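1. quick one, what's the 3D model for this:
(one chain, ligands or ions: 2)
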Amino acid sequence: MKLLTAAQTREADAYTINEEGISSIDLMERAAKAFTCWFENKFQPSEQVHVFCGPGNNGGDGLAAARLLHERKYSVHVYLVGDTSNPSEDFKTNLERLPQGLEPTRVEQENSLPALNGKACVVDALFGTGLNRPVTGLYAALIRLLNESGATVSSIDMPSGLYPDSQTPEEGAIIKANYTISFELPKLAFLLPQHEEYVGEWHVVPIGLSQQFVADAKTNLYVTTQSDIQHLLKPRKKFSHKGLYGHALLLCGGYGKIGAAVLSARACLRGGIGLLTVQVPQAGYTILQTAVPEAMTLTDKNRKHLSELPKEIDKYDVIGIGPGLGTERVTKTAIGQLLATASHPMVIDADAINIIASSDKLKMQLPRNKVIFTPHPKEFERLVGKVKNDYDRLQHLREFCLEYQCYVTLKGSHTAIGTPEGKVYFNTTGNSGMATGGTGDVLTGVITALAGQQYSLEEACLLGVYLHGLAADLALHAVGEVAMTASDVIDFLPKALLHLSQPRP
Ligand SMILES: NC(=O)C1=CN([C@@H]2O[C@H](COP(=O)(O)OP(=O)(O)OC[C@H]3O[C@@H](n4cnc5c(N)ncnc54)[C@H](O)[C@@H]3O)[C@@H](O)[C@H]2O)[C@@H](O)CC1
Ligand SMILES: [K+]
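-> Ligands and ions are numbered 1, 2, ... in the order given. Here you go, the predicted structure:
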């Protein structure tokens, strides 16, 4: 699914109105109905609902939603906030449509702000995608009041005050919504960790914007949903044998961290690899052979750390390297050899990232269009330097992928996958149960498995990240967030694959 900017969303609205023969006010009615429908499923009519409307079309949505909720027997209070003497046309129409008994209260000064308690149910319709400057003054005072009240806030389209696709200036007040109900497509701001407290739980509701416009719109930002991912999965041939599904080499594990190699190896096998060889320091031999009998195990001459590459390295289809390695000098030398000689697709994680990040020489040796990095935010900063905020991080992600012609899956609650063409895909699966040691090692194993099975590197990233999160989402029902371990994620990979391979209802 594409992500559009606020400007593109406005164009999509206008295009839909012009080309699909729907009036602007009817489009607003659709939007208000879509919001109301979500609201009714969430809140009982016994709730007292306070709808705060700003001067633009977001306020117009709020007025229409207030009328619809009133018709559905909610007890509704409407507030017109600030200077609404010069409102948008559709706002005006919806103000006129308010029925008797739903007369709005005007809030024009800070001393006329209403008192709200923590039980209040608030609809935030102050500003949406038309926000064009930081929110200050009366609006900011109201936003502070709402944020401090403890009321449950549902924002229409955007949490008011949050810029949809650029950094919100520090002086601007922003609503801290519990729920954000966005029309047609999510906004970039929803996907960035720094906005979690403002956006809350977000949902997208369709309002019938022109699919033609969306299909033609130019963007390099995407959100991966199940329908984007499902068709990537390749069915297996009837006359299959293990040679058809690739031979992966994992270079993982160090003394005290052989478990990382076990997790990557188990995940790689669950990801469908045909054959797997794992090279570990001598200390890991018995552990690997016992814990992962399906994998062939090679041992390094070094007892504790990776120090050499296996012989016949060309026979592998893909190499996964990093989990549990440590950053010993001998390991750095081995990674240098790998980058200088190997022409395989490579999945580079954890300490292998740290080692490469510490050396400009190694960075220069990175083969083009062969490498997938899987850093968490700290490892990413080691690669690219300190970042100022999440937008800056995205910019660095694009620039790094372009410069080194590589893929980066930047792990987070919406893992961002950068490509050598400068595209960024945000993942939509996963949960906070994954914030536990070892889940990154699992991801390395899964992506390595897919890259070894002749998925393109882009497909391996998209599918691998999606599956990894989906497995955790399925595990959630069985073990919950708190108790979830990396092994649980591996155990649910088969279910995740089955889930994806079933036709959508
Ligand atoms: N036909 C359409 O265009 C549709 C628009 N929709 C709604 O319309 C919204 C966009 O509407 P608009 O473009 O009118 O914009 P908004 O309603 O988001 O805000 C624009 C108004 O707020 C003022 N404003 C902007 N920033 C301000 C600030 N910091 N302090 C004080 N005033 C400020 C502007 O001068 C303008 O009056 C969407 O988010 C969505 O909720 C939906 O109804 C779907 C259809
Ligand atoms: K809003």
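2. how far off centre is the longest helix along the chain?
-> The longest helix of the chain (DSSP state H) is helix 457-483. Its chain's average C-alpha position is 12 Å from that of helix 457-483, according to Cα atoms, centre = their mean, to the nearest Å.
3. ok, now stretch 188-196?
-> Offset of stretch 188-196 from its chain centre (Cα atoms, centre = their mean): 9 Å.
4. again, but for stretch 20-37
-> Mean C-alpha position of stretch 20-37 versus that of the full chain (Cα atoms, centre = their mean) differs by 28 Å.
5. please point out which parts of that stretch sit buried.
-> For stretch 20-37, a neighbour-count test (16 or more other Cβ atoms under 10 Å) marks 24-25, 27-32, 34-36 as buried. Heads up, the C-betas are built off the backbone N, CA and C, glycines and all.
6. among those, name the ones in helices.
-> Those of the buried residues of stretch 20-37 lying in helices (DSSP H): 24-25, 27-32, 34-36.
7. switch those residues over to TSV; also include pLDDT.
-> Listed next are these as TSV, based on pLDDT from 0 to 100:
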residue	pLDDT
24	95
25	96
27	95
28	97
29	97
30	96
31	97
32	98
34	98
35	98
36	98
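8. before we move on, the earlier item: which helices and strands does whichever helix or strand comes after the longest helix of the chain pack with?
-> Next along the chain after helix 457-483, taking DSSP states H and E as the criterion, comes helix 486-491. Packing contacts for helix 486-491, counted by 3 or more Cβ pairs under 8 Å, 6 or more residues apart in numbering; DSSP states H and E, involve helix 258-270, helix 439-452, helix 457-483.
9. contact partners of helix 486-491?
-> Residues outside helix 486-491 that contact it (Cβ atoms under 8 Å, 6 or more residues apart in numbering) are 263, 266-267, 270, 433-434, 436-439, 441-442, 445, 468, 471-472, 475, 478-479.
10. measure residue 184 to ligand 2 for me?
-> Going from residue 184 to ligand 2 by Cβ to the ion, to the nearest Å gives 15 Å.
11. quick one, what contacts that residue?
-> Residues near residue 184 by Cβ under 8 Å, 6+ apart: 9, 12, 204-207, 209, 214.
12. show the buried residues in those.
-> For the contacts of residue 184, buried by 16+ other Cβ under 10 Å: 9, 12, 204-205, 207, 209, 214.
13. format these as TSV; extra columns: distance to ligand 2 and pLDDT.
-> Below are those laid out as TSV (distance: Cβ to the ion, whole Å; pLDDT from 0 to 100):
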residue	distance to ligand 2	pLDDT
9	14	93
12	18	94
204	15	96
205	14	97
207	15	95
209	18	93
214	22	94
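14. out of the residues you listed, which are inside strands?
-> 204-205 (DSSP state E).
15. between the buried ones among the contacts of residue 184, which is closest to ligand 1?
-> Nearest to ligand 1 among the buried ones among the contacts of residue 184: residue 207, at 6.0 Å, using Cβ to the nearest ligand atom.
16. so the closest one is in contact with residue 29, correct?
-> No: at 9.6 Å, residue 207 does not count as touching residue 29 under the criterion of Cβ atoms under 8 Å.
17. so where does the residue nearest the centre of the chain fall, helix or strand?
-> Note on the chain: the residue nearest the mean C-alpha position is residue 414, at 1.9 Å, using Cα atoms, centre = their mean. Here residue 414, judged by DSSP H and E, is contained in no helix and no strand.
18. list the contacts of it.
-> Residue 414 touches 191-193, 223, 426-428, counting by Cβ under 8 Å, 6+ apart.
19. swap in residue 197?
-> residue 176.
20. so which of the helices and strands packed on helix 486-491 is nearest ligand 1?
-> helix 457-483 (28.5 Å).
21. got the angle for the closest one vs helix 258-270?
-> For helix 457-483 against helix 258-270, the angle by axes from the mean of the first three to the mean of the last three Cα atoms, to 10 degrees is 120 degrees.
22. and helix 457-483, what's buried?
-> Here helix 457-483 shows 457-476, 479 as buried, counting by 16+ other Cβ under 10 Å.
23. how about the residues of the stretch 101-250 of the chain by ligand 2?
-> Neighbours of ligand 2 within the stretch 101-250 of the chain, by Cβ under 5 Å from the ion: 124, 155-156, 158, 160.
24. could you rerun that using 6 Å?
-> 124-128, 155-158, 160 (Cβ under 6 Å from the ion).
25. in CSV, list those residues along with neighbour count and pLDDT.
-> As requested, these are exported to CSV (neighbours: other Cβ atoms under 10 Å; pLDDT from 0 to 100):
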residue, neighbour count, pLDDT
124, 32, 98
125, 32, 98
126, 29, 98
127, 27, 97
128, 29, 97
155, 30, 98
156, 31, 98
157, 26, 98
158, 31, 98
160, 29, 98
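26. between the residues you listed, which sits nearest residue 106?
-> residue 126 (14.2 Å; Cβ to Cβ).
27. wait, what's in contact with the closest one?
-> Residue 126 sits in contact with 52-54, 58-59, 81, 135, 139, 142-143, 160-161, 175, where contact means Cβ under 8 Å, 6+ apart.
28. 6 Å instead?
-> Contacts for residue 126 (Cβ atoms under 6 Å, 6 or more residues apart in numbering) come out as 52, 54, 160.
29. how about the first one, secondary structure?
-> Meaning residue 52. Using DSSP: H, G, I helix; E, B strand; the rest coil, the structure places residue 52 in strand.
30. since we're on the residue found closest to it once you drop the neighbours it is linked to in the chain, how many residues are nearby?
-> Distances taken as Cβ to Cβ, 6 or more residues apart in numbering put residue 79 closest to residue 52, at 4.9 Å, once the chain neighbours are dropped. By other Cβ atoms under 10 Å, the residues close to residue 79 number 23.
31. where does residue 298 fall, secondary structure wise?
-> Using DSSP H and E, residue 298 sits within strand 296-299.
32. right, and the helix or strand after that strand?
-> Downstream of strand 296-299, the first helix or strand assigned by DSSP H and E is strand 318-321.
33. figure out how far that next one is from the centre of its chain.
-> With Cα atoms, centre = their mean, you get 25 Å for strand 318-321.
34. alpha carbons of it, as PDB, please.
-> Provided in PDB are the C-alpha atoms of strand 318-321 (Å, rounded to 0.1, in the frame of the first residue of the first chain):
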ATOM      1  CA  VAL A 318      23.500 -17.300   0.700                       C
ATOM      2  CA  ILE A 319      25.400 -16.300   3.800                       C
ATOM      3  CA  GLY A 320      23.900 -15.000   7.000                       C
ATOM      4  CA  ILE A 321      26.500 -13.500   9.400                       C
END
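35. given it, what are its sheet partners and their directions?
-> strand 247-251 (parallel), strand 346-348 (parallel) (DSSP bridges).
36. now those as TSV including mean neighbour count and distance to residue 394?
-> Shown next, in TSV, are those (neighbours: other Cβ atoms under 10 Å; distance: least, Cβ to Cβ, whole Å):
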stretch	mean neighbour count	distance to residue 394
strand 247-251	28	30
strand 346-348	29	20
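37. between those, which one is nearest to residue 289?
-> Closest among the strands paired with strand 318-321, once you apply Cβ to Cβ, is strand 247-251, at 14.1 Å.
38. could you give the average pLDDT over that closest one?
-> Mean pLDDT, computed over strand 247-251, is 98.
39. how about stretch 257-270?
-> Stretch 257-270 comes out at a mean pLDDT of 98.
40. please renumber the chain so that the first residue is 578 from this point on.
-> Noted, 578 is the first residue going forward, which turns the last one into stretch 834-847.
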